[in-house]
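Peer 1: this one's sequence-less:
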């Protein structure tokens, strides 16, 4: 067992327990009053794009530093880390003309330590906003964001300590600074979110629009996950030389995000409203995201550096809490179908590593569950009309 296992296991327990205690109140709370009513704001995604750009810019500077100061030899830092890090490109034309390359030393390990927390938290709340803007605002302005920042920072710092190197102390300080700065940034972004325009009260007849929204969300979830996996491999593991291998999947993911954001939504007819199955699924997904926000990273790292059984138990409890609601029985059949497809995807089309397999499996499961819910709502509508 790793020497940091007790710290990670404790973080899993504390963050999961705190989320289970705090999330129900946050979900019940009415959204706060917001300004800029009627204006369109882009949300956290532009800030997330800036963070990603800074991370990749830093990788270019790493390549310049390694090639000019260390003559392309990465052993000065790679020997402190596991295999699979620091596949650095040459970039000779840029490196040859860069002034004072020795000043770029902080680009190695230090800069990403400052940017990784805002990257992860901004991506998480951006995904939530794609599902439900009101939920995004409630979560962004709740104690769950500082809790998540603290939980993620402890997990990051624990792994930093397990992979100790000459820059570890610097990294710990920078990660602590990021934990102090990121929650206020997310709160500020949420305060700028416009109030949604009021919608007419619908009559109680199920419609298909919520199902289309959930299909779009499943695609958004896949796209964000695909981009984050590529970013981790090429940038946060300092493998910029592998960027070309990830460009096709990154381009596809960006195309999906643009399409789901800009594709016109069919106006909902005044006499139609969500069916019970898709409504239950959307609410369950929202609860699951709220509950997972704080313990997500600790659970993931505990799988590798802590006690996997404890991480699995915490994940099951969080999922159980999201599903242990009046909707649980309603979603039993769709969830079984989604689980079967997710298992089949993981078994028949695994990714090259754990996170890639998990992303494929989760996407297949969510798409299937949504399809079954939409089918059941459609069947129910026809039965109601015929009766």
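Peer 2: On my side now, so go ahead. No experiment lies behind these values; they were computed from the predicted model shown.

Peer 1: give the rounded mean pLDDT of the helix or strand hosting residue 285.
Peer 2: Using DSSP states H and E, residue 285 sits in helix 276-292. Averaged across helix 276-292, pLDDT comes to 93.

Peer 1: again, but for stretch 243-255
Peer 2: On average, stretch 243-255 scores 95.

Peer 1: likewise for stretch 180-195?
Peer 2: 91.

Peer 1: can I assume residue 146 is in contact with residue 183?
Peer 2: Yes - taking Cβ atoms under 8 Å as the definition, residue 146 is a contact partner of residue 183 at 4.7 Å. Yep, even glycine has a C-beta here, placed from its N, CA and C like the rest.

Peer 1: buried residues in the strand or helix carrying residue 77, which are they?
Peer 2: Under the criterion of DSSP H and E, residue 77 resides in helix 75-78. Neighbour counts using 16 or more other Cβ atoms under 10 Å place 77-78 of helix 75-78 among the buried residues.

Peer 1: after it, which helix or strand is next?
Peer 2: Beyond helix 75-78 toward the C-terminal end (DSSP H and E), the next one is helix 92-97.

Peer 1: roughly how far does the residue nearest to residue 346 when sequence neighbours are not counted sit from residue 116?
Peer 2: Among residues not flanking residue 346 along the chain, residue 361 sits closest, at 4.1 Å (Cβ to Cβ, 6 or more residues apart in numbering). Applying Cβ to Cβ, to the nearest Å, the value for residue 361 to residue 116 is 25 Å.

Peer 1: got a list of what the residue nearest to residue 346 touches?
Peer 2: 342-343, 345-346 (Cβ atoms under 8 Å, 6 or more residues apart in numbering).

Peer 1: so which helix or strand takes in residue 182?
Peer 2: Applying DSSP H and E, one finds residue 182 within helix 168-191.

Peer 1: which helices and strands sit right next to that helix?
Peer 2: helix 110-131, helix 133-140, helix 144-162 (3 or more Cβ pairs under 8 Å, 6 or more residues apart in numbering; DSSP states H and E).

Peer 1: neighbours around residue 174, how many?
Peer 2: Residue 174 sits with 22 neighbouring residues when counted by other Cβ atoms under 10 Å.

Peer 1: an error on my part: the question was meant for residue 48.
Peer 2: 22.

Peer 1: so how far is residue 55 from the residue nearest to it when sequence neighbours are not counted?
Peer 2: The shortest distance from residue 48 to any non-neighbouring residue, by Cβ to Cβ, 6+ apart, is to residue 122 (4.2 Å). For residue 122, the distance to residue 55 equals 12 Å [Cβ to Cβ].

Peer 1: and the angle for the helix holding residue 285 with helix 133-140?
Peer 2: Angle of helix 276-292 versus helix 133-140, following axes from the mean of the first three to the mean of the last three Cα atoms, to 10 degrees, is 20 degrees.

Peer 1: immediately after helix 276-292, which helix or strand?
Peer 2: Helix 276-292 is succeeded, C-terminally, by helix 296-305 (DSSP H and E).

Peer 1: can you list contacts of whichever helix or strand comes after that next one?
Peer 2: Of the helices and strands lying after helix 296-305 in sequence (DSSP H and E), the nearest is helix 308-323. The contact list for helix 308-323 (Cβ under 8 Å, 6+ apart) reads 9, 12-13, 16, 19-20, 23, 284, 287-288, 291-292, 295, 298-300, 302-303, 331, 335.

Peer 1: by mean pLDDT, which helix or strand of this structure comes out lowest?
Peer 2: strand 206-207 (a mean of 40; mean pLDDT, DSSP states H and E).

Peer 1: quick one: contacts for residue 145?
Peer 2: Contacts of residue 145 (Cβ under 8 Å, 6+ apart): 121, 125, 139, 183, 186-187, 293.

Peer 1: would you turn these into CSV with neighbour count and distance to residue 74?
Peer 2: CSV is the format used below for these (neighbours: other Cβ atoms under 10 Å; distance: Cβ to Cβ, whole Å):
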residue, neighbour count, distance to residue 74
121, 26, 30
125, 25, 34
139, 26, 40
183, 22, 35
186, 24, 35
187, 15, 39
293, 27, 36
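
Peer 1: now, which of those sits nearest residue 89?
Peer 2: Distance to residue 89 across these (Cβ to Cβ) is lowest for residue 121, with 29.1 Å.

Peer 1: give me the pLDDT for the closest one.
Peer 2: Reading off the model, residue 121 has pLDDT 97.

Peer 1: burial of the residue nearest to residue 48, as a residue count?
Peer 2: Residue 122: 24 neighbours (other Cβ under 10 Å).

Peer 1: separation between it and residue 224?
Peer 2: 11 Å.

Peer 1: now swap in residue 304 and tell me
Peer 2: 22 Å.

Peer 1: ok, the two, which is more surrounded?
Peer 2: Legend: neighbour count by other Cβ under 10 Å for residue 304 and residue 224, higher for residue 224 (21 against 13).

Peer 1: contacts only, for the spatially closest residue to that one that is not a sequence neighbour.
Peer 2: Computed as Cβ to Cβ, 6+ apart, the closest residue to residue 224 that is not its neighbour in sequence is residue 127, at 5.3 Å. Taking Cβ under 8 Å, 6+ apart as the criterion, residue 127 is in contact with 220-221, 224, 289.

Peer 1: since that was my last question, I'll sign off now.
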